[in-house]
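**Student:** With the input below, show me the fold.
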Amino acid sequence: MHLTAPATARRTEPRSPVRDADGMAVASFILGLLGLLVLNVFLGPVAIVLAAVALWRGTTRRGRAYLGLTLGVADLAVLLIAMEMSNTVSWSL
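**Tutor:** Numbers count the residues shown, from 1 in each chain. Take a look at the predicted model:
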């Protein structure tokens, strides 16, 4: 009778660069979308960088990466428009 599990080495496969790039594409999309509502000064550039790195690494989710890139630019555009309308360096709703 064995009360413990056998001591076999469990091999874990390393993560592929494409899988990481797919995750970055999805993250850029989510952060870009969230950045339209809050913290666009931080989330916009992060979404742009993540989308660019995902595209550079050859993601299979190119559409999401392009959407993340577009939303990141839109985040910064919303910030600039809101700053121009309120005549301040920051903005609040």
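
**Student:** so R64 touches A27, yeah?
**Tutor:** No - using C-beta atoms under 8 Å, R64 is not in contact with A27; the gap is 9.3 Å. C-beta: built from backbone N, CA, C; applies to glycine.

**Student:** If you count surrounding residues, which of those two has more?
**Tutor:** Taking other C-beta atoms under 10 Å, R64 and A27 do not tie; R64 has more neighbours (21 against 18).

**Student:** any idea which element the more buried one lies in?
**Tutor:** Per DSSP states H and E, R64 falls inside helix 62-86.

**Student:** chain center to that helix, what's the gap?
**Tutor:** 13 Å (C-alpha atoms, centre = their mean, to the nearest Å).

**Student:** And the contacts of that helix?
**Tutor:** If you take C-beta atoms under 8 Å, 6 or more residues apart in numbering as the criterion, helix 62-86 is touched by 24-33, 35-36, 40-41, 43-48, 50-52, 54-55, 59, 89-91.

**Student:** Please give the element, helix or strand, for the residue positioned nearest the centre of the chain.
**Tutor:** By C-alpha atoms, centre = their mean, the chain has its centre lying nearest to S28, at 2.3 Å. Using DSSP H and E, S28 sits within helix 17-35.

**Student:** next one: A51
**Tutor:** Going by DSSP H and E, A51 is in helix 40-56.

**Student:** what ranges of the protein fall below the confidence cut-off?
**Tutor:** Residue ranges of the chain with pLDDT under 70: 1-18, 90-93.

**Student:** sorry, back to before: report the buried residues of the helix holding S28.
**Tutor:** 21-22, 24-33, 35 (16 or more other C-beta atoms under 10 Å).
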